[in-house]
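**Q** model the structure of this input:
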Amino acid sequence: MAGIKSAVVIAMLSVVTGLTAQNVVATINLPDTTMLRDMVLNDSNNLIFCTDQGWKSLQIIDAPGRAFVDTVLEQSSPEGIVWNPATGKLYVSNTDSTVNVCDGTTGSVLNSITVGAGASALCLNETNNKLYCANLNDGTVSIIDCASETVLNTVTVGSYPFDLCWNAAFNKIYCTVEDGMALAIIDGVTDQLVGAVETGPYPWNVVSNDEMNRVYYSVFGSNSVEVVDCSTGMRVASISVGRGPKGIVWASEPNHIYVSCFSGRWVDVIDCQLNMVMAHVGVGSGVDDLLYEPTNNKVYCAATLTDTVVTIDCETQQQCRKLHVGFSPGKMVRYAVPGESVMVFVANEASKSITVLGDNPTGIAERRARPEPCRLAVWPNPARNQVTVRSQGRASALTKIEIVNASGRVRLEVPVGLGETNGFETRIGLTGLGPGVYFVRLEGDRPAVQQLVVAR
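**A** Residues are numbered from 1 along each chain as shown. Got it, this is the predicted structure:
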């Protein structure tokens, strides 16, 4: 359904001088590369790994040293890449129907897992330690158990599954299906397809708003962003945006969605409370990939047609700088040294280089990072007689833990009564609860929720 623009006046924002912004601080030239596709930071050793489809390799970068380390020629047709902190390993999708498991330091292939044709986008489920791989050419998503490195299930979702995201609170995986014009929903516990939302033509990228537990996805063919409520699996809004929306990112501090309008020369900013466009920020032609940097509260926009990266201030919704980088900038990752500096690494797909964007001239971050949201971990899951609940992240005024059923009825309530805390752990008996799907809910100043399956 067509979205309706806000009655709020929407102004095209131009470059504003005098604002502190990041600068180009280094260019890392890679000896053997022709087509950088994706990149990821292993924050246990501060190495960045880039998939290079042209040279069928991984390129390794030392982030703090801003230096090239090595080229590992062991891939076949690498596309996506993720790092799993639980296993310490890298996972690389290859379009010839494999996912390679690689050493998190050397990049060497340790195992190869057969998946569907055209393996591309990857998504990690941190709760259940599973990896999801979108197989472009056979309309499926492969679900991999990262512990055993085996395929648990292959779910048919429709023609040309393109992008994936995971919502932790409801433990669901969302997949845009381009030719099928749908958003497929996969359960993170049962590994089954549990829903599909009809979309406009060519749904593109998808992202989870973990504060409101909604997913937002760009629909290229209808110039819109659609919104699905994770608790119901139903679409709750369709928002008209500029021409050719592609890249999409959630900025947690302002609780806004930023979407790149590839054909429209701007980035649209969506207020997630109102689900309406609140600003257009002019950025130039061909903006695709976006990155949110929470320390300085900025969004980075890679413009492939103008070979630039534009930074947007998330407080003012104004363009800070337009920085010239290499040819066809694409994927970006951030590297942060706590309390010191932040760098953004930009993969230039066509110029055999990575551009490094640094902090303001002093090298000191402009603002302190916003605390991470409070999260819940529950285990075992599924559970039988007892479950352990652990909170992670700073919170205060915690009052109680509730276990509610799928209809929202509170079935079990456990008083907590804690003041400020960096986290806690408690065990809860499940006597009296029948088998089924429940939700563990933490009540306080920063509420959190996690899905629980009770088995008998």
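
**Q** in stretch 35-52, what's buried?
**A** By 16 or more other CB atoms under 10 Å, the buried positions in stretch 35-52 come out as 35-42, 47-52. C-beta: built from backbone N, CA, C; applies to glycine.

**Q** next, format those residues as a markdown table and append distance to Thr232 and pLDDT.
**A** As requested, the buried residues of stretch 35-52 are arranged in a markdown table below (distance: CB to CB, whole Å; pLDDT from 0 to 100):
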| residue | distance to Thr232 | pLDDT |
| --- | --- | --- |
| Met35 | 41 | 87 |
| Leu36 | 39 | 91 |
| Arg37 | 35 | 93 |
| Asp38 | 32 | 96 |
| Met39 | 35 | 97 |
| Val40 | 32 | 98 |
| Leu41 | 34 | 97 |
| Asn42 | 36 | 96 |
| Leu47 | 41 | 97 |
| Ile48 | 38 | 98 |
| Phe49 | 37 | 98 |
| Cys50 | 38 | 96 |
| Thr51 | 36 | 96 |
| Asp52 | 42 | 94 |
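
**Q** keep only those of those that are in strands.
**A** Among those, the ones falling in strands (DSSP state E) are 36-42, 47-52.

**Q** which one of these is nearest Tyr438?
**A** Taking CB to CB as the measure, Val40 is the one of those closest to Tyr438, at 33.7 Å.

**Q** and that closest one, how far is that from Val404?
**A** According to CB to CB, to the nearest Å, Val40 stands 36 Å off from Val404.

**Q** kindly report the same for Gly286.
**A** 46 Å.

**Q** so which of the two has more stuff around it?
**A** A direct count of neighbours by other CB atoms under 10 Å for Gly286 and Val404 places Gly286 higher, at 20 against 17.

**Q** what sits closest to that one if chain neighbours are left out?
**A** Take Gly286 and drop its neighbours on the chain: the residue closest to it by CB to CB, 6 or more residues apart in numbering is Leu305, 2.9 Å away.

**Q** name the residues of the helix or strand harbouring Arg390 that are buried.
**A** Arg390 is located in strand 386-392, with elements delineated by DSSP states H and E. Buried residues in strand 386-392, defined by neighbour count with 16+ other CB under 10 Å: 387, 389, 391-392.

**Q** now swap in stretch 130-139 and tell me
**A** Applying 16+ other CB under 10 Å to stretch 130-139 flags 130-136, 138-139 as buried.

**Q** tell me who's in contact with Ser77.
**A** 53, 56, 94-96 (CB atoms under 8 Å, 6 or more residues apart in numbering).

**Q** quick one: buried ones out of the residues you listed?
**A** Burial by neighbour count, judged by 16+ other CB under 10 Å, picks out 53, 56, 94-95 from the contacts of Ser77.

**Q** most widely separated two among the buried residues of stretch 35-52?
**A** Using CB to CB, these span at most 21.8 Å, a distance reached by Met35 and Asn42.

**Q** hey, what's the angle from the one helix or strand Leu122 maps to to strand 36-42? Just curious.
**A** Per DSSP H and E, Leu122 falls inside strand 119-125. Counting by axes from the mean of the first three to the mean of the last three CA atoms, to 10 degrees, strand 119-125 lies at 20 degrees to strand 36-42.

**Q** in the sheet, which strands lie alongside strand 119-125, parallel or antiparallel?
**A** Using DSSP bridges, the strands paired with strand 119-125 are strand 130-135 (antiparallel).

**Q** what number of residues lie near Thr105?
**A** When neighbours are counted by other CB under 10 Å, Thr105 registers 16.

**Q** pLDDT score assigned to it?
**A** pLDDT recorded at Thr105 is 97.

**Q** which residue ranges form the strands in the stretch 1-150 of the chain?
**A** 12-13, 23-29, 36-42, 47-52, 57-62, 67-72, 78-84, 89-94, 98-103, 109-114, 119-125, 130-135, 140-145, 150-156 (DSSP state E, counting those that start in this stretch).

**Q** just put those in CSV and tack on distance to Val337.
**A** As requested, the strands of the stretch 1-150 of the chain are exported to CSV (distance: least, CB to CB, whole Å):
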stretch, distance to Val337
strand 12-13, 31
strand 23-29, 14
strand 36-42, 12
strand 47-52, 14
strand 57-62, 13
strand 67-72, 16
strand 78-84, 18
strand 89-94, 22
strand 98-103, 24
strand 109-114, 29
strand 119-125, 24
strand 130-135, 29
strand 140-145, 33
strand 150-156, 38
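
**Q** ok, which of the ones you listed comes nearest Val378?
**A** That would be strand 119-125 among the strands of the stretch 1-150 of the chain, by CB to CB, at 14.0 Å.

**Q** low-confidence stretches in the stretch 351-456 of the chain?
**A** 359-375, 393-399, 406-408, 417-422, 443-449 (pLDDT under 70).

**Q** closest to Val440 out of the contacts of Ser77?
**A** Of all the contacts of Ser77, Val440 sits closest to Asn94, with 37.8 Å by CB to CB.

**Q** need the contact list for that closest one.
**A** Counting by CB under 8 Å, 6+ apart, Asn94 makes contact with 75-79, 100, 119.

**Q** Ser263 versus the residue nearest to Gly286, what's the distance?
**A** 10 Å.

**Q** got it, and Tyr174?
**A** Counting by CB to CB, the gap from Tyr174 to Ser263 is 25 Å.

**Q** do Ala168 as well
**A** Ala168 is 33 Å from Ser263, by CB to CB.

**Q** repeat that for Asp138.
**A** According to CB to CB, Asp138 and Ser263 sit 30 Å apart.

**Q** wait, Pro415 touches Glu402, no?
**A** No: between Pro415 and Glu402 there is no contact under CB atoms under 8 Å: 10.4 Å.

**Q** which one of those two is surrounded by more residues?
**A** Glu402 (18 against 9).

**Q** nearest to Asp163 among the contacts of Ser77?
**A** Proximity of the contacts of Ser77 to Asp163 (CB to CB) peaks at Thr95, which lies at 15.3 Å.

**Q** got phi/psi on the closest one?
**A** Main-chain dihedrals, Thr95, degrees, to the nearest 10: phi -70, psi -10.

**Q** wait, it touches Val115, no?
**A** No: the pair Thr95 / Val115 is not scored as a contact, 10.4 Å apart, by CB under 8 Å.

**Q** mutual contacts of these two, please.
**A** Contact criterion CB under 8 Å, 6+ apart; residues shared by Thr95 and Val115: none found.

**Q** export stretch 39-51 as PDB, just CAs?
**A** In PDB, the C-alpha atoms belonging to stretch 39-51 read as follows (Å, rounded to 0.1, in the frame of the first residue of the first chain):
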ATOM      1  CA  MET A  39      34.100  -6.800   4.800                       C
ATOM      2  CA  VAL A  40      34.000  -7.500   8.500                       C
ATOM      3  CA  LEU A  41      36.000  -6.700  11.700                       C
ATOM      4  CA  ASN A  42      37.200  -9.500  14.000                       C
ATOM      5  CA  ASP A  43      37.200  -7.400  17.200                       C
ATOM      6  CA  SER A  44      39.000 -10.000  19.100                       C
ATOM      7  CA  ASN A  45      42.200  -9.300  17.200                       C
ATOM      8  CA  ASN A  46      41.300  -6.100  15.300                       C
ATOM      9  CA  LEU A  47      41.800  -7.600  11.900                       C
ATOM     10  CA  ILE A  48      39.500  -6.600   9.000                       C
ATOM     11  CA  PHE A  49      38.700  -9.300   6.400                       C
ATOM     12  CA  CYS A  50      37.500  -8.300   2.900                       C
ATOM     13  CA  THR A  51      36.000 -10.700   0.300                       C
END
